[in-house]
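Q: Here you go, sequence then predicted model.
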Amino acid sequence: MKIKFNNIRDLADARYAAAVMADYIGFSIGDENELPTSTIQEIIGWCSGPEIILEVKNAAAVEKVKALLSILPVNGLEVSANDYPAIKEAISEQNLLWIIDSKINGDKELVKVSPNSKAAEKIKETDPWGISMDCFESVSTGIKDFSDWNDFFEELEIL
């Protein structure tokens, strides 16, 4: 099963994703959750393993995406079906993984989940191709409580 962490907020998120051997980590581009490029570079520099996905929130962000593609080791883009044609045309020369409304290559799906026991049970029953989950803000500066994620991944026997 593939694992993707959405909206990486800080190094703690990325390191946690790497620790559970996530396949993808996503950085939001084009909305209020967008991190500065220097922060994304710093996080990527300290984290190895997961592939880097830019989660493009609107087609208006395409110039920003093109700039990031020239300086970051990006493996793919996640876009909405509505924005896909314009974004794909603008950066068609890139060899990227495309995730469109949680579907990869039109048939593989990343099912969005919240880390809890009910979700873990459903995942065990349905055995999806992949799952994705949103990262969260720190409780206070530099402090995050990963206990829900730990319980969730232990139940899935990933930790």
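A: Perfect, I can see it now.

Q: List the contacts of the residue nearest the centre of the chain.
A: Centrality entry for the chain: nearest residue to the mean C-alpha point is Gly26, 2.6 Å, by Cα atoms, centre = their mean. Gly26 is in contact with Lys4, Phe5, Asn6, Asn7, Ile8, Ile53, Leu54, Glu55, Glu78, Ser132, counting by Cβ atoms under 8 Å, 6 or more residues apart in numbering. C-betas here are computed from N, CA, C, even on glycine.

Q: how about 7 Å then?
A: By Cβ atoms under 7 Å, 6 or more residues apart in numbering, the contact set of Gly26 is Lys4, Phe5, Asn6, Asn7, Ile8, Ile53, Glu55, Glu78.

Q: Check Trp129 too.
A: Counting by Cβ under 7 Å, 6+ apart, the residues that Trp129 touches are Lys2, Lys108, Glu109.

Q: What's the PyMOL line that selects buried ones from those residues?
A: A single PyMOL command selects the buried members of the contacts of Trp129 (16 or more other Cβ atoms under 10 Å):
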select buried, resi 109
